[in-house]
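Visitor: For reference, the sequence and a predicted model appear below.
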Amino acid sequence: MTNFFISIIISILLTSNSFSIEKITTNQKIKKTEQLLVEAANNISEGKIEAALIIVKNLIDINPNFKLAHMIYGDLLLIQSHNYDQVSADTHKQHKKKIYDLKLELSRRIESFNNLDKNLIGSKIKALLAKDIKYLIFIDVKSSRLFSFSNNEGKLKYISDYYMSVGKKGYGKKFEGDKKTPIGTYFIKNKITSKLPDLYGEGAYSLNFPSAYDRINNFTGSGIWIHGTPSSTYSRPPQSSDGCIVLSNEDINELAYILNESGTPVIISDTGLSIISGRDSSDIVMSKNEILKKIQGWKSSWEEKDTEKYLKYYSDMARYNNDSYPKWTAHKINVFKKSQGLQIKIEDISFFEYPGNDEDLILVKFKQIYSSNLLKNEMIKQQIWTKKDSGWSIIYEGGI
Amino acid sequence: MKIIFKFLIIILPIFNIQFSSAADINKIKSMVVTSPSAAIIEINQLLKNEPNNQNLLFLKAVTETKLEKKELAIKTYNNLIEKFPGLPEPYNNLAVLYAEQNKLEEAKKILQKALKTNKSYSVAHINLGDVYTRMASEAYRKAFELDKSPVANNKLQLINELFSYSPNMQRTKLVAPISKSKNKSKEQEIADLSSFVESWKVSWESKDLVAYFSNYSKYFKIKSEVNYERWKQTRTEKIINKKNINIEISNIKYKFKDGFWFITMSQAYNSGKYSDKEEKTLVIINESGKYKIVEENTKS
């Protein structure tokens, strides 16, 4: 008899087969929720239904509104009853979508327990953190997982990771109302302090979507936040928001100290954890050095007012603030001619990979101190660099 | 929820010699049905002399339940369990009372204890299954954010008698074996059996319950030892609730052994919502000249 409940349990088992309990208990960083789910799965695979029941009950006691745990609990109880076939067939038919969502949540949560070494992930993400940035958040939409890192002398040090949900229609936001979560690199703007509906849970933090680069791409929309869950539920299905990133209240509270840091970078990636963990750390180090060198080269060409060399750093499609290439280059050449005693300092250089594009993109952020006979100013600048066959070039530059 | 009082079969306790005569107990048993409030006075009177009489204590709890004095009944059952931890019935009834109060976790534990005292105590098996179903239903309600549980609450079965469960009965003792081919050829017999199977199938498909149940022997039993009445009730609910039932039978084979006809077949069942395929064996006896199903076994 084919049956969907069996398939739920089997799906837990299949995915949990690849690792052992031992591995789990030795990793102290692992979240309690997933740990209990995996322990339950292991008991089920050994036929210890009573033991599995106790563990799942424990999960429910900790999070009384954890729907996934309730469903597994129901399955485990039902397979012990004599009404199994009828109830499961009826329930399946009536709640197809909800069951699909919960199964997806389960497999996503379990996937986070694969052989991925979380302490290594930081070294596989292309990012350099200046001292003004304390933390970085990396979201892998494909595995419904959010990772937090601290700044350890410019490198990423793993802190924690959480299950999270994205838009109903997935990711790759382009337009207002498309119910997708944007892919790219953003920054926390601020905590929303006005009174919010219960839907947003115990905290909401805004992101700078659409960014200047998004606007160049004519992306529209607003109000992309990282927020908690309504009080009626512990978690939401993997694809359930209008484009926001949704964490459980427990997790949003645990992350509050990071999210409260305005300017914290949030990389929302569709690259996939398997590809990221398959990257070679030394390649990452090399390309980081390469990028740093490029930035220095760009800066000196500017300081030297070497127009030809300077413009070579830019793609001929590059935008400068909102200006098109012909417009801003004409202006630059004019300024170069007039300005004397040019001094440029670049400080606090950070950069981050910018996912979601066919090409390799890097978002660079730094403080620029400019001084000439015409103008003295300090500003925070962003550039987006792209790697083509001909090497790295800037496709966007602008002040914040 | 209403409790069904059924199966008031008078079975006398066969061990534990008690002071109260069997006649006393029998008198009280009928009083419990006709005037429970008088019965309780009588029981309490007798218990003064014999506070440890298990039959009286059990009757007291049954009567208290009947009088809707559930809390008192719970107390009495607990007292009984403490004194006679080896009897499954008090556990069962206590669990039913807890289940009524929606203390399902509690009910589950107590039914498991009942089964520890007697592994083949079928009523506790059935009740435990129902408790599991109700707990599962409640879990699904929470999982799928429903207003009410997706499965109607099953009524749990109370036991009104101590020692009411029957040990596994031997099939051969129960039924008169068919004397093979007394005046029928084998071909004729198989043709008759074939039309019997056909009418059984048709009665099921057409939801003609009277005809359907008439195919079954009064000795009919399924593996989990459900008693006949209970089984009938469950079957009725299962059949009546279906819109359409469609059954296809193939690979039918007939075999005669030890006075029984064993009919094996592949059965494809489809009720629209649900379908399955089973290998089924019907064990047929001849009951006063009529074919009756005495066992129905499946492997899927």
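Guide: Cool, the structure landed.

Visitor: make it CA atoms for all contacts and neighbour counts henceforth
Guide: Noted.

Visitor: what residues are up against the closest residue to A:H95 other than its chain neighbours?
Guide: Setting aside the residues directly before and after it, A:H95 is nearest to B:F144 in space (Cα to Cα, 6 or more residues apart in numbering or on different chains), at 7.2 Å. Contact analysis of B:F144 by Cα atoms under 8 Å, 6 or more residues apart in numbering or on different chains lists A:67, A:71, A:95, A:98-99.

Visitor: can you put these in TSV and add pLDDT, neighbour count and secondary structure?
Guide: What follows is the contacts of B:F144, written out as TSV (pLDDT from 0 to 100; neighbours: other Cα atoms under 10 Å in any protein chain shown; DSSP: H, G, I helix; E, B strand; the rest coil):
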residue	pLDDT	neighbour count	secondary structure
A:K67	93	26	helix
A:M71	91	26	helix
A:H95	86	12	coil
A:K98	89	17	helix
A:I99	88	22	helix
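
Visitor: and which of those residues is nearest to chain B?
Guide: Closest approach to chain B among the contacts of B:F144 (Cα to the nearest Cα): A:K67, at 4.1 Å.

Visitor: gap between that closest one and B:S185?
Guide: Noted for A:K67: a distance of 63 Å to B:S185, by Cα to Cα, to the nearest Å.

Visitor: Where do the helices of chain B begin and end?
Guide: Along chain B, the stretches classed as helices by DSSP state H are B:22-34, B:36-49, B:54-66, B:70-83, B:88-100, B:104-117, B:122-143, B:171-174, B:186-205, B:209-214, B:228-240.

Visitor: Kindly report which one of those carries the lowest mean pLDDT.
Guide: Looking at these, the lowest mean pLDDT belongs to helix B:171-174 (a mean of 30).

Visitor: which residues sit in contact with the residue nearest the centre of chain A?
Guide: In chain A, the centroid-proximal residue (Cα atoms, centre = their mean) is A:I139; its distance is 1.8 Å. Contact analysis of A:I139 by Cα under 8 Å, 6+ apart lists A:145-147, A:266-269.

Visitor: TSV please, covering those residues and showing neighbour count.
Guide: Below are those laid out as TSV (neighbours: other Cα atoms under 10 Å in any protein chain shown):
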residue	neighbour count
A:R145	22
A:L146	22
A:F147	20
A:V266	23
A:I267	24
A:I268	25
A:S269	23
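
Visitor: For the stretch 201-300 of chain B, which residues are neighbours of chain A?
Guide: Counting by Cα under 8 Å from any Cα of the partner chain, the residues of the stretch 201-300 of chain B close to chain A are B:273-274, B:276-277, B:300.

Visitor: Scan the helices and strands of chain A for the one with the lowest mean pLDDT.
Guide: helix A:21-26 (a mean of 40; mean pLDDT, DSSP states H and E).

Visitor: Surely A:S315 touches A:S390?
Guide: No. Using Cα atoms under 8 Å, A:S315 is not in contact with A:S390; the gap is 10.4 Å.

Visitor: how does chain A divide into domains?
Guide: With domains defined by automatic domain parsing, chain A comprises A:4-111, A:118-277, A:281-399.

Visitor: and those domains, which one is worst for confidence?
Guide: With a mean of 75, domain A:4-111 has the lowest mean pLDDT of those.

Visitor: Fine by me, thanks again.
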